[in-house]
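Q: Test case, fold it:
(one chain, ligands or ions: 1)
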Amino acid sequence: MTVPDDERAWWKEAVVYQVYPRSFNDTSGDGVGDLQGVVEKLDYLDSLGVDVVWLCPVYESPNVDNGYDVSDYRAILDTFGTMDDLEALIAGLHDRGMRLVMDLVVNHTSDEHEWFQRSRAGDPEYEDFYIWRDGQTVPESEYEDGLYDPAEYGLPRDARERPPNDWESFFGGSAWTFDEDRGQWYLHIFDERQPDLNWDNPRVREAVFDMMEWWFDKGIDGFRMDVINLISKPDGLPDGEDETAIVRGADKFVNGPRVHEYVRQIHDEAVPDDAMTVGEMVELTVDEARQFLGEDGDGMNMAFNFDHMRLDFGPDGNRWSKADWGVRELKTTISRWQEGLDGEGWNSLYLNNHDEPRMVSRFGDDGEFRRESATLLATLLYTLQGTPFIYQGEEIGMTNYPFTSLEEVRDVDTLRNVEQLERTGRFTSDDDLLDLVRYRSRDNARTPMQWDAGPNAGFTDGEPWIPINPNHGEVNVATERADPDSVWHYYRDVISLRHDEDVLLYGSYDLLLPDHDRLWVFTRTLRDDDGDVEEQTLTVLNFGSTPTDFEPPASVAGDAEAVLISNYDVDSTRVERETLRPWEARVYRLA
Ligand code: ISL
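A: Numbers count the residues shown, from 1 in each chain. Below is the predicted model:
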């Protein structure tokens, strides 16, 4: 056995399936998915071969941000069911040898959380639970010269105050809101109804750790930690300095001064040894990731980084503009993470989630080559080093939604940002606006899971909370399962391949043909103690809708032992010069 036991871990060998419960499966008929809906599909998930379910927030919430605004961490939102349903889900997963990872949203709470209610009322026990500051006084002259408009901050005409600093919210506008009750401003890096917790207050940390322990006692197996590298804010809350920051101020509040101390404390105090943690970390670099992960890290297992999610942002670094990307940049970016974390951390592998457009629409071809490109992307994800995360519907090649009006949009992020951009005259026409929404909106991923070709795609008997993709007649689980050549069957095969092959789990990654602008070719290699190759695979991907010549480098050319998987028929095991078909993907076991 080449892989030492202390290098192995269950979460490294797992495939995680992300459930966005609101859009997964509705059993109550109210048009919103629910926990019983997930329970009902456990055999489905088992048959796909996944090991872990990551469940997006199901806690009590006013749903300003679909559950990422929690008003009670220990209660289940009525729409989703009851605590009994959640316990049934845990039991159902464990019975099948699967595990449950919950979402931990503790950079902020809902403004309806009792902590915030008490904090705004000045209750001494809670007054420092959030980040409260006095505003800056604006000289009367600025008001008279029209340089200051109180309405911009939702303040009355006679107000002469601006926020404590210039930080912006990810959802557009100032990151500060004035609270009448308390007579002060509070910080919210997301919506104004998502006030940021004050992690510098030890009582906040204690309260969070207690809550985490309470969930582990219920039997959950880990946490996905929402925007966890934003929890430490710098003393004095200085203005932003970096003009190209993703939002103004991000250069100050991302990876703040005590973030490692806090992440380590979370792990030391509230996470059992065999649990799995994955931190969502905006603006993370490989160097920073090593400090969170790995042997000398803070105890965290994996991080979601966003480098590959930014390749199509405009030159201003803004998510709400758009630029072309090429496979060269994609492979350079992902290769940097593959090489950078080898032996010093562990990658999470994803190309979409509930915040991103559908991967086949963004990185593949969701028209003529939907099947081929979806399976190529799967081949990539399942033969890289790291733990793959499937987002619901990815396994059937679900696509972006063809929005024709803002009335079809539910997402606070899309609506607030579009509103803000309209104010600055960013759009030339309605079509221009809708183009961007169709490309970027988080709602692309949030339309309901397509189970069958019937009414409402088998998602609900009621009126769905968000429109269902009109392509559900062709793209749905029933059709995919009936067709042995489908995306779904490919996912099942590639998942099972990955489970069986140590070299695909633990082998090191080496990029070949780095400068090729259409092909992505790499090996995975396991070596013995003397450094001799023991096992090796070769992944060859033609990233595009046109045929491409492949000239294999001498190091991998010749007779391979086997073709382990491919998305077209391949009749020879020879790795030799040939023309690859559109979106063709192959994995060889080298001799
Ligand atoms: O992609 C984004 C910015 O680059 C944002 O869409 C997203 O808000 C950001 O990635 C953080 O996401 C997480 O925290 C948000 C929540 O709205 C997202 O759903 C969640 O995944 C606030 O809790």
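Q: And what about the residue in the stretch 301-450 of the chain positioned nearest to the ligand, helix, strand or coil?
A: The stretch 301-450 of the chain approaches the ligand most closely through residue 355 (4.1 Å), counting by Cβ to the nearest ligand atom. All C-beta spots, glycine's among them, are computed from the backbone N, C-alpha and C. At residue 355 the chain is in coil, as set by DSSP: H, G, I helix; E, B strand; the rest coil.
Q: Residue 420 now?
A: Put simply, residue 420 is helix when judged by three-state DSSP.
Q: Same question for residue 437.
A: helix.
Q: pretty sure it is touching residue 411, no?
A: No - counting by Cβ atoms under 8 Å, residue 437 does not reach residue 411; the two are 9.4 Å apart.
Q: rewinding a little: can you tell me the closest non-neighbouring residue to the residue of the stretch 301-450 of the chain closest to the ligand?
A: residue 442 (5.0 Å; Cβ to Cβ, 6 or more residues apart in numbering).
Q: Report how many residues lie close to that neighbour.
A: Residue 442 has 18 neighbours, counted by other Cβ atoms under 10 Å.
Q: give the contact list for it.
A: Contact analysis of residue 442 by Cβ atoms under 8 Å, 6 or more residues apart in numbering lists 354-356, 411, 413-414.
Q: let's see 7 Å
A: 354-355, 411, 413-414 (Cβ atoms under 7 Å, 6 or more residues apart in numbering).
Q: Check residue 126 too.
A: Counting by Cβ under 7 Å, 6+ apart, residue 126 makes contact with 115, 118-119.
Q: ok, it to residue 116 distance?
A: With distances taken as Cβ to Cβ, to the nearest Å, residue 126 is found 8 Å from residue 116.
Q: Ok, residue 192 next?
A: Distance from residue 192 to residue 116, by Cβ to Cβ: 12 Å.
Q: quick one, which of the two is more surrounded?
A: Using other Cβ under 10 Å, the more surrounded residue of residue 192 and residue 116 is residue 116, with 23 against 20.
Q: Apart from its neighbours in sequence, what residue is nearest that one?
A: residue 195 is the one closest to residue 116 (Cβ to Cβ, 6+ apart), at 5.4 Å.
Q: need the contact list for the residue nearest to residue 163 when sequence neighbours are not counted.
A: Spatial nearest neighbour of residue 163, excluding adjacent residues (Cβ to Cβ, 6+ apart): residue 176 at 3.5 Å. Residue 176 makes contacts with 163-164, 185-187, as judged by Cβ under 7 Å, 6+ apart.
Q: And for residue 52?
A: Applying Cβ under 7 Å, 6+ apart, we find residue 52 in contact with 14, 16-17, 98-99, 101.
Q: Helix or strand: which one has residue 263?
A: Using DSSP states H and E, residue 263 sits within helix 259-270.
Q: partners of the following helix or strand past that helix in the sheet?
A: Next along the chain after helix 259-270, taking DSSP H and E as the criterion, comes strand 276-280. For strand 276-280, the pairing partners within the sheet under DSSP bridges are strand 222-225 (parallel), strand 302-304 (parallel).
Q: what comes into contact with strand 276-280?
A: Identification of contacts with strand 276-280 by Cβ under 7 Å, 6+ apart yields 11, 101, 221-229, 267, 271, 292, 300-304, 348.
Q: Please identify the residues of the stretch 101-250 of the chain in proximity to the ligand?
A: Residues of the stretch 101-250 of the chain lying close to the ligand by Cβ under 6 Å from any ligand atom are 105, 170, 190, 226-227, 246.
Q: Are any of the residues you listed buried, and if so which?
A: 105, 170, 190, 226-227, 246 (16 or more other Cβ atoms under 10 Å).
Q: With distance to residue 455, pLDDT and secondary structure as extra columns, can I get those residues in TSV?
A: Listed next are those as TSV, based on distance: Cβ to Cβ, whole Å; pLDDT from 0 to 100; DSSP: H, G, I helix; E, B strand; the rest coil:
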residue	distance to residue 455	pLDDT	secondary structure
105	34	98	coil
170	36	94	coil
190	35	97	coil
226	34	98	coil
227	37	98	coil
246	41	90	coil
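Q: quick one: terminal-to-terminal distance for stretch 162-174?
A: Taking Cα to Cα, to the nearest Å, stretch 162-174 runs 10 Å from one end to the other.
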